[in-house]
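A.B. asks: Fold the following and give me the result.
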Amino acid sequence: MDPADSELACFEAGIKFGSLYHQFAGTPVAPRSIDSLERAIAESIENQPFCESVTVDIIEARVRDAIDHDEGYTELTGSLMEVAMTIDYEGVVVETEMAMEAGYPRMRVVSVGE
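C.D. replies: Modelled structure (predicted):
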């Protein structure tokens with residue numbers, strides 16, 4: 001049996017989250033570089049097929065709290081950001097998000113619709 005378009009749309013969302021997280025985790029981030037890093041991440045992921053939009057919010061207070069040395073930066077992790085994506089695969093629109101849940105950056109499907 002072939003997968004349904006809704007299943008393929010959710011799969012595409014998973015691919016985008018996997019590349020976003022694993023491409024950018026570990027990137028040095030400081031309060032002064034948050035805006036440019038948010039844009040770079042969003043624009044990078046939006047280049048992928050079926051990706052309609054990406055919103056990345058790196059939480060400045062979390063970044064400041066994570067800096068534990070005199071160099072003024074920390075490494076980007078899922079705990080420092082919130083992400084929302086919209087995927088449109090063959091007219092099936094999947095809304096997704098990544099946010100902290102019980103101490104873990106959970107990536108999830110919010111809705112699937114036509």
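A.B. asks: pLDDT below threshold where in this protein?
C.D. replies: Scanning the chain for pLDDT under 70 picks out no residues.
A.B. asks: Where do the strands of it begin and end?
C.D. replies: For the chain, the strands defined by DSSP state E cover 28-29, 51-58, 74-75, 81-89, 92-101, 104-113.
A.B. asks: deepest of these, which one?
C.D. replies: Of all the strands of the chain, strand 81-89 has the most neighbours on average by mean count of other CB atoms under 10 Å, namely a mean of 21. The way it works is simple: take the backbone N, C-alpha and C, and place the C-beta from them, glycine included.
A.B. asks: who does that strand touch, helix- and strand-wise?
C.D. replies: Judged by 3 or more CB pairs under 8 Å, 6 or more residues apart in numbering; DSSP states H and E, the packing partners of strand 81-89 are helix 5-24, strand 51-58, strand 92-101.
A.B. asks: just so I know, which of the ones you listed lies nearest residue 114?
C.D. replies: Residue 114 lies closest to strand 92-101 among the helices and strands packed on strand 81-89, at 6.2 Å (CB to CB).
A.B. asks: got the contact list for that closest one?
C.D. replies: Under the criterion CB atoms under 8 Å, 6 or more residues apart in numbering, residues 5-6, 8-10, 12-13, 16-17, 21, 52, 78-79, 81-88, 105-114 lie in contact with strand 92-101.
A.B. asks: Can you tell me the centre-most residue of this protein?
C.D. replies: By CA atoms, centre = their mean, the mean C-alpha position of the chain lies nearest to residue 83, the distance being 4.1 Å.
A.B. asks: so what's that residue closest to, chain neighbours aside?
C.D. replies: Nearest residue to residue 83, sequence neighbours excluded (CB to CB, 6 or more residues apart in numbering): residue 98, at 4.2 Å.
A.B. asks: Look up how far residue 81 lies from the one you found.
C.D. replies: Distance, residue 98 to residue 81, by CB to CB, to the nearest Å: 7 Å.
A.B. asks: try residue 9
C.D. replies: 23 Å.
A.B. asks: what sits against residue 90?
C.D. replies: 5, 8-9.
A.B. asks: JSON lines for the residues you listed, including distance to residue 72 and neighbour count?
C.D. replies: Output for the contacts of residue 90, formatted as JSON lines (distance: CB to CB, whole Å; neighbours: other CB atoms under 10 Å):
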{"residue": "5", "distance to residue 72": "47", "neighbour count": "14"}
{"residue": "8", "distance to residue 72": "43", "neighbour count": "17"}
{"residue": "9", "distance to residue 72": "41", "neighbour count": "22"}
